[in-house]
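>>> Need coordinates for the below:
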Amino acid sequence: MVVKTSYAPGTPSWVDLGSSDPVGSAKFYSDLFGWEAEVMPDAGGYTMMSQGGQTVCGIGGLMMEGQPEVWSTYVSVADADATAAAVAAAGGMVLAPPMDVLDVGRMAVFLDDSGAAFSIWQPKTHIGASLVNEPVSLCWNELNSRDVAKSKAFYGAVFGWAGDTADMGGTTYTEWKLGGETIGGMMEMGPQFPAEMPPNWLAYFAVADTDATVAKVTGLGGAVMMPPMDIPPGRFAVVADSDGAAFAVIKLAAAPA
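Numbering: from 1, shown residues only. Next up, the predicted model:
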């Protein structure tokens, strides 16, 4: 087990689930992945999910009326206020302005200039996930975009990301790179995506067996959105939990760096 102790600014570092039923959601994911749940009373009942004593993600209540049940991607930053200004300058929208979260960090929530929601995290005592890239933990963050060129310009301006687009298994796929290192991905939303679905960020969790995990999801009351299939990085599927929040699972073909 490799334990993370820091993230370079501009790197996705955390995901959390906005849920109308945090207790029920914590039970679903504990049953699915074996995560341990710890409710944080000082943080409004926010629940930290961990594996082997290492944090993997969080679960919280919905922040605003009409908010969907969704997994949110957080990007680590050195200065939340400066990033908020950069988002606005690039044409994004501030949903929740920078705010302190006790003594653990400073966060904000935005829409990019195409309507995809994302968050930022300026770490203090909490860096983000201390366990990644191992079953069962976060291993990938992917933007589903309806305008790849526009998304490249926006995230390049805000975080300094470069988008490297290439063929992957017969379809084009973009890797987000920061300082030459791959830190996430982007897929163009084609006809396989419902027309009413807005651009969005998707969290991937590594698993030991994709098919078995998908079967367990449905057994727990979840749904299959995209059945298991093989792609160059591994065997993956897109599923939804029992409240409809989408996420992906993947058995990696090789361990990422």
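
>>> just the helices in the chain please.
22-33, 80-89, 148-159, 210-219 (DSSP state H).

>>> Show me which positions of the last one end up buried.
Of the residues in helix 210-219, those scored as buried under the neighbour-count criterion (16 or more other CB atoms under 10 Å) are 210, 213-214, 216-217. From N, CA and C alone the C-beta is placed, and that goes for glycine too.

>>> Endpoints of stretch 138-158, how far apart?
23 Å (CA to CA, to the nearest Å).

>>> sorry, back to before: tell me which of the helices of the chain sits nearest to Ala129.
Proximity to Ala129 (CB to CB) singles out helix 22-33 among these, at 13.4 Å.

>>> Could you list every helix and strand in contact with the closest one?
In this structure, helix 22-33 makes packing contacts with strand 12-19, strand 36-40, strand 46-51, strand 54-61, helix 210-219, judged by 3 or more CB pairs under 8 Å, 6 or more residues apart in numbering; DSSP states H and E.

>>> Check the protein for me, the residue farthest from its geometric middle.
Ranked by distance from the centre of the chain (CA atoms, centre = their mean), the top residue is Gly170, with 25.0 Å.

>>> quick one: that residue and Gln192, what's the gap?
To Gln192, Gly170 is 13 Å away according to CB to CB, to the nearest Å.

>>> Then Pro9?
In terms of CB to CB, Pro9 sits 34 Å off from Gln192.

>>> So between the two, which is more surrounded?
Pro9 (18 against 7; other CB atoms under 10 Å).

>>> so that one touches Val77, yeah?
Yes: the criterion here is CB atoms under 8 Å, and Pro9 meets it with Val77 at 5.3 Å.

>>> shared neighbours of the two, which are they?
Here Pro9 and Val77 have no joint contacts, going by CB atoms under 8 Å, 6 or more residues apart in numbering.

>>> Could you pull up the contacting residues of the nearest residue to His126 once chain neighbours are set aside?
Nearest residue to His126, sequence neighbours excluded (CB to CB, 6 or more residues apart in numbering): Val104, at 3.9 Å. With contact taken as CB under 8 Å, 6+ apart, Val104 is in contact with 43, 123-126.

>>> Please identify which pair of those residues lies farthest apart.
Ala43 and Pro123 (15.1 Å).

>>> out of these two, which sits in the busier spot?
More neighbours surround Pro123 than the other of Ala43 and Pro123, with 20 against 14 (other CB under 10 Å).

>>> you'd agree that one is up against Trp14?
No: using CB under 8 Å, Pro123 makes no contact with Trp14, being 9.1 Å away.

>>> which residues are in contact with both of the two?
Once CB under 8 Å, 6+ apart is applied, the residues that Pro123 and Trp14 both contact turn out to be Ser76.

>>> neighbours of the nearest residue to Val217 once chain neighbours are set aside, just the number please.
Distances taken as CB to CB, 6+ apart place Val239 nearest to Val217, at 4.6 Å, with adjacent residues excluded. By other CB under 10 Å, 24 other residues sit near Val239.

>>> Show me where the stretch 1-150 of the chain dips below the pLDDT cut-off.
Within the stretch 1-150 of the chain, no stretch has pLDDT under 70.

>>> in the sheet, who's paired with Gly185?
When assigned by DSSP bridges, Gly185 has beta-bridge partners Glu142, Glu175.

>>> show me what contacts Tyr7?
13, 76, 123, 127-128.

>>> where's Phe33 relative to Leu138, distance?
11 Å.

>>> my bad, should have said Ser6
Distance of Ser6 to Leu138, computed by CB to CB: 16 Å.

>>> Between these two, which is the more surrounded one?
The neighbour comparison of Ser6 against Leu138 (other CB under 10 Å) goes to Leu138, with 24 against 11.
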